[in-house]
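[1] attaching a predicted model along with its sequence, questions to come.
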Amino acid sequence: MAPCARFLIAAPITLAMTTSPQRIALVTGASRGIGKAIALRLAKDQRHVVLVSRTEGPLNDVRHAIEQGGGQASVVAADIADAKAWAAAVEAVADKHGRLDILVNNAGITKDNLSLRMTDEDWNVVISTNLTSAFVAIRAAARPMMKNRFGRIVNISSTSGVVGNAGQANYAAAKSGLIGLTKTIARELGGKGVTANVIAPGFIETDMTHNLPQQVKDQVTGAMAVKRLGTPEDIAAAVAYVTSDEAGFLTGQTICVDGGLTMC
Ligand code: NAI
């Protein structure tokens, strides 16, 4: 009887001591679409969310929504395509909070054209915005994550980066590059408690896909197992899991959240 009684008394104290600190989560492209849904979801899951986009105005709206729901958020206006300034911004976030636990590289752009017509400028801006920015942020975040022996890195790729897509050489190359980058980071940092994974969305209803002709949307949904476009919340749910404390054994993976379009 005695050992059981002692366990009953000790258990609540042990639980209290192992509660994790509030996680600091940085989400790029948080002003709208998928990034906004990720930010709202992580805030609901008790993370302090640092919202990043180019301009403060729309980010402040998201911050207000989070605060009205009882969550915590702050705002950083930065151009992630400006590698030097962006790296400094990530370092400043880690310095300010004394930690950086979760990094979601979500912001991205498209500049579509057939390869033969694609300009160097459109190639370069998509690579720097969609791929180089993620590398730069990861490099800046790795040190504070390793120091705390905890980190969750998520790169938002695309099914275009997994299977390719005509008219998107720049975008598919950048999104595919994120997969190689993620696997490498997973191998380099796994021993330090830091995981890195890719979420590859299929067709999601946001500003990015808003102007697609209805015929294209019908074709795509017809090819999907679930027969509907995805929502930003579908992606946010996957990000919530891979960034959770309990997902420490999941790393280097590409999870296609695409309604069964590619089954990658
Ligand atoms: P969106 O166009 O609605 O939002 C993009 C966000 O990134 C905005 O907040 C924008 O301000 C920010 N952003 C763009 N360039 C930036 C820069 N230089 N500096 C700072 N912020 C910048 O896009 P959406 O649809 O929400 O997509 C989010 C991510 O998901 C992107 O990486 C996109 O490639 C990816 N994705 C989206 C799919 C879709 O069907 N919507 C499908 C597959 C992937």
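    That came through, no problem.
[2] Gly259: neighbouring residues, count only.
    Residues near Gly259, counting by other C-beta atoms under 10 Å, number 21. Yep, even glycine has a C-beta here, placed from its N, CA and C like the rest.
[3] check Asn113 too.
    Asn113: 15 surrounding residues under other C-beta under 10 Å.
[4] the residue nearest the centre of the chain: what's it in contact with?
    Computing the C-alpha centroid of the chain and ranking residues by C-alpha atoms, centre = their mean puts Val104 first, at 2.9 Å. Residues near Val104 by C-beta atoms under 8 Å, 6 or more residues apart in numbering: 25-28, 35, 38, 42, 154, 156, 239, 243.
[5] neighbour-wise, which of these leads?
    Ranking these using other C-beta under 10 Å puts Val27 first, with 34 neighbours.
[6] and it, how far from Gly33?
    Between Val27 and Gly33 the computed distance is 11 Å (C-beta to C-beta, to the nearest Å).
[7] for Ala107, same thing?
    10 Å.
[8] so the residue nearest to the centre of the chain versus Leu261, what's the distance?
    From Val104 to Leu261 the distance is 22 Å (C-beta to C-beta).
[9] restrict the contacts of Val104 to contacts with the ligand.
    28, 35, 156 (C-beta under 6 Å from any ligand atom).
[10] residues from the stretch 101-250 of the chain in reach of the ligand?
    Neighbours of the ligand within the stretch 101-250 of the chain, by C-beta under 6 Å from any ligand atom: 106-109, 129, 156, 158, 201, 203-204, 206-209.
[11] hey, which strand is longest across this structure?
    As assigned by DSSP state E, the longest strand anywhere in the chain is strand 194-201.
[12] hmm, who's touching the helix or strand that it is followed by?
    For strand 194-201, the following helix or strand on the C-terminal side (DSSP states H and E) is helix 207-210. Applying C-beta under 8 Å, 6+ apart, the contact partners of helix 207-210 are 32-33, 110, 203, 217, 229.
[13] just want the residue of the stretch 51-200 of the chain that's nearest the ligand.
    Residue nearest to the ligand within the stretch 51-200 of the chain: Gly108 (2.3 Å; C-beta to the nearest ligand atom).
[14] so what's that residue up against?
    Counted by C-beta under 8 Å, 6+ apart, Gly108 has contacts 29, 129-130, 156, 158, 171, 174-175.
[15] returning to that earlier point: now do the SS call for the residue nearest to the centre of the chain.
    Applying DSSP: H, G, I helix; E, B strand; the rest coil to Val104 yields a three-state assignment of strand.
[16] again, but for Ala25
    Applying three-state DSSP: Ala25 is strand.
[17] roughly how far apart are it and the ligand?
    Separation of Ala25 from the ligand (C-beta to the nearest ligand atom, to the nearest Å): 16 Å.
[18] quick one: that residue and Gln46 touch, right?
    No - assessed by C-beta atoms under 8 Å, Ala25 is found out of contact with Gln46, at 10.1 Å.
[19] convert the C-alpha atoms of stretch 190-210 to CSV, please.
    The C-alpha trace of stretch 190-210 is given here as CSV (Å, rounded to 0.1, in the frame of the first residue of the first chain):
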residue,chain,number,x,y,z
GLY,A,190,17.7,16.0,-35.1
GLY,A,191,20.1,15.1,-32.3
LYS,A,192,19.5,18.5,-30.7
GLY,A,193,15.7,18.1,-30.3
VAL,A,194,14.9,20.1,-33.4
THR,A,195,12.6,18.6,-36.1
ALA,A,196,12.1,19.8,-39.6
ASN,A,197,9.2,18.8,-41.8
VAL,A,198,7.4,19.9,-45.0
ILE,A,199,3.7,20.4,-45.5
ALA,A,200,2.9,20.3,-49.2
PRO,A,201,-0.6,21.7,-49.8
GLY,A,202,-2.6,20.8,-52.9
PHE,A,203,-5.2,23.3,-54.1
ILE,A,204,-6.3,25.5,-51.2
GLU,A,205,-8.9,28.3,-51.4
THR,A,206,-6.9,31.5,-50.9
ASP,A,207,-6.0,34.7,-52.8
MET,A,208,-3.3,32.7,-54.6
THR,A,209,-5.9,30.4,-56.3
HIS,A,210,-8.9,32.8,-56.3
